[in-house]
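Asker: Fold the stuff below for me.
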Amino acid sequence: MASALVDQLIAKNSRDDATQAILVKGLRILAAVLNSRGKHKRARVTIGLLHKHRNKLSKSTGEYDLASAAGDYHLAGFIHANAGKNGAAKRAFAKCEKLQPGHLAAALDKAEQIGKTKQLEKLYPLAGPVISRNGAFILEIEGRPAADARRIGQILGGEIQQDIESQISAIMAGEQAANARLQAAVDSLVPTHDYHTYSTN
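Answerer: Alright, predicted model coming up:
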């Protein structure tokens, strides 16, 4: 379905911004589907078209969505790595990080896909405590895509893995807040003085 839509839209000689935006979304979906089905050669061609048509849309509208572009390069890194093109994968992951610094999810995938852990090691300390969200345990640099905490622990190993597993156990036992960062923010809003006492004196 995505393939037919993309072919139909690309065949159009002229496209307005709305149609171009649909083409970009279609290419994004198609690239991910092709990658998941192991059709890596076609996926690489499709991700190239995605970059081209996203840039064309950005020039036309004057708006450049950094988060979406970073997500596209994150996907591109996956696709190139699965195709055995590690050089292209490294460049795509690096472009993702340049567009959206602190992209922990891309750093994790880069480490898993091509064995490069330097970026993950650099970003891990910025993530703060483990968070429990929708049944998953994640690490998250604020405002950036989250990454699976246990997978990070497995990649980095040693004391980091032990610390992550310890935090997960504490959350499951109710000894640590499911989101310690959010809890700290809420706690900071609680008045430290009893204003009722002041008002009655």
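Asker: separation between Ile138 and Gln162?
Answerer: Summarising the geometry, the distance separating Ile138 from Gln162, computed by Cβ to Cβ, to the nearest Å, is 18 Å. For every residue, glycine as well, the C-beta is placed using N, CA and C.
Asker: quick one: which of these two has more around it?
Answerer: Neighbour comparison, Ile138 and Gln162: the larger count goes to Ile138, with 21 against 11 (by other Cβ atoms under 10 Å).
Asker: chain center to the strand or helix carrying that one, what's the gap?
Answerer: Taking DSSP states H and E as the criterion, the element that holds Ile138 is strand 136-139. In terms of Cα atoms, centre = their mean, to the nearest Å, the gap separating the centre of strand 136-139 from the centre of its chain is 13 Å.
Asker: buried residues in that strand?
Answerer: Residues of strand 136-139 classed as buried by neighbour count (16 or more other Cβ atoms under 10 Å): Phe137, Ile138, Leu139.
Asker: Equivalent analysis for stretch 152-165, please.
Answerer: Neighbour counts over stretch 152-165 (16+ other Cβ under 10 Å) mark Ile152, Gly153, Ile155, Leu156, Ile160, Gln161, Ile164 as buried.
Asker: so where's the protein uncertain?
Answerer: Counting by pLDDT under 70, the chain has low-confidence residues at 1, 177-201.
Asker: can you do 50?
Answerer: Screening the chain residue by residue with the criterion pLDDT under 50, one finds the ranges 193, 195-201.
Asker: Can you name the residues in contact with the longest helix along it?
Answerer: The single longest helix within the chain, with elements called by DSSP state H, is helix 40-61. Surrounding helix 40-61, the residues in contact under the criterion Cβ atoms under 8 Å, 6 or more residues apart in numbering are 6, 10, 17, 20-21, 23-24, 27-28, 30-31, 34-35, 64-65, 68-69, 72, 75-76, 79-80, 82-83, 85, 88.
Asker: can you pull out the helices in the chain?
Answerer: In order along the chain, the chain carries the following helices (DSSP H): 2-10, 17-36, 40-61, 66-82, 86-99, 104-114, 118-123, 149-156, 158-172, 180-189, 195-200.
Asker: Figure out which of the ones you listed is closest to Ser132.
Answerer: Using Cβ to Cβ as the measure, helix 158-172 is the one of the helices of the chain that comes nearest Ser132, at 5.0 Å.
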